[in-house]
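**Q** Need the 3D shape of this:
(one chain, ligands or ions: 1)
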Amino acid sequence: MNAPEPRGAGVRLRPEIAALPPYRQGRPAPADGFKLSSNENPFEPLPSVVDAVAAAASTINRYPDATALALRERLAERYGVTADEVLVGAGSVALLAALIQAAAAPGDEVVYSWRSFEAYPGLVTVSGATSVQVPNRPDHGHDLEAMAAAITDRTRVVMVCSPNNPTGAVVTAAAFEAFMAKVPADLLVLLDEAYIEFVRDEASVDGATLLGRYPNLVVLRTFSKAYGLAGLRVGYAIGPGPILDAARATITPLSVTAASTAAALASLEPVAEAELLERVGVIAERRDRVREALLEQGWRIPVAQGNFIWVPAGEATAEVAERLFDAGLVTRAFPPAGIRVSIGEEESVDSLLRILGELVPASQEGHPA
Ligand SMILES: Cc1ncc(COP(=O)(O)O)c(C=O)c1O
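**A** Residues are numbered from 1 along each chain as shown. Alright, predicted model coming up:
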């Protein structure tokens, strides 16, 4: 006898949405293990930030300020733009969704490099548009020339991710400017800089230096990574007012809470921010040390400029991730390509290097980085 259909199975939904896998979150870490699967910041929140969140708790019977004006003004001052040129969202992923929806609809195309942030394909499908994925170069960076060549008169958005999640490569400033010169001025370009604060390569693009230069460029940043506020959901976009106004129309209203904006503002206070950026320095140094050690072991780890490294384990991806899991290290496996390992607590480093050191020969052979 056939199993009965689950309740709701017959309800008419958009077939392309019903077929989408739900967002897959990293596995939780065992009690004595380390969660290196979501590119989170391993440091606990600063006491001043916790205090700001606690103070905001006393007003939770009220809706938040829908436009997060205080935070927008603070960011506008920092970036030398007007508050209308800043849009705050419940994480930069909410801003990506709103901007894609503002520009792309069924029949349109969205161009991005692949492999990149795993949320991109789903966000494009939800808008009704079609993804055009341009393969990364062999060094795991964006192939901006091929991306420019992939633009057609159906293209409505191009997304550039620097540093690229999950491979870690950056786009250089020179390459980005050459790319922008080829892109039509009426085509929206989103520069996703979720990990910019961890970048130490001086040749890297820095969206903050490009503001006001292009009528079609929006830069996205977040408090989730360097500022350690992933759990509160707050990110921002900076770009021309009319583009952000369109995204204001598509974004879910009132989704940024007073606690989130209070935490972001507290994180931008000079003493707090200095401490947060010092922590970023510790993570960047740890990342470089881990990468060096893995290169010495024989792993072909690409340049890593975010708070994570890419282990191109190829066909052995699932097996290597399982071995790491058995050692208490939860990572993000993308079989059969590789494993993204977030740079976490210092105490996780020895086990990481020991396990990967044991697995080099079997997993790297025949899988050039
Ligand atoms: C490249 C990239 N962009 C955007 C985001 C979204 O971050 P959030 O929504 O927490 O700001 C992430 C999170 O992992 C990311 O890796």
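**Q** check contacts around the residue nearest the centre of the chain.
**A** Closest to where the C-alpha atoms of the chain average out (CA atoms, centre = their mean) is residue 194, at 4.8 Å. By CB atoms under 8 Å, 6 or more residues apart in numbering, the residues touching residue 194 are 92, 117, 161, 165, 220-222, 224-225, 235, 306. Using the backbone N, CA and C atoms, a C-beta is placed for each residue, glycine as well.
**Q** With adjacent residues omitted, what lies nearest to it?
**A** Leaving out its chain neighbours, the residue that sits closest to residue 194 by CB to CB, 6 or more residues apart in numbering is residue 222, at 5.0 Å.
**Q** Then residue 230?
**A** Using CB to CB, 6+ apart and skipping the chain neighbours, the partner closest in space to residue 230 is residue 224 (4.0 Å).
**Q** likewise residue 100?
**A** Among residues not flanking residue 100 along the chain, residue 127 sits closest, at 4.9 Å (CB to CB, 6+ apart).
**Q** can you count the residues close to the one you found?
**A** Residue 127 is flanked by 23 other residues according to other CB atoms under 10 Å.
**Q** contacts with the ligand among the contacts of residue 194, please.
**A** Contacts with the ligand within these, as defined by CB under 6 Å from any ligand atom: 92, 117, 161, 165, 222, 224, 235.
**Q** and these, which are buried?
**A** Buried subset of those (neighbour count, 16 or more other CB atoms under 10 Å): 92, 117, 161, 165, 222, 224, 235.
**Q** residue ranges with poor pLDDT in this structure?
**A** The model of the chain has pLDDT under 70 over residues 1, 361-369.
**Q** please redo it, this time with the cut-off set to 90
**A** The chain contains residues with pLDDT under 90 at 1-6, 8-10, 20-32, 360-369.
**Q** which residues of it fall in helices?
**A** 15-18, 47-56, 69-79, 92-103, 120-127, 144-149, 173-182, 241-250, 258-267, 270-297, 317-326, 349-364 (DSSP state H).
**Q** If you tally nearby residues, what's the number for the closest residue to the ligand within the chain?
**A** Nearest to the ligand, among the residues of the chain, is residue 91, at 2.5 Å (CB to the nearest ligand atom). Number of residues near residue 91 (other CB under 10 Å) recorded here: 22.
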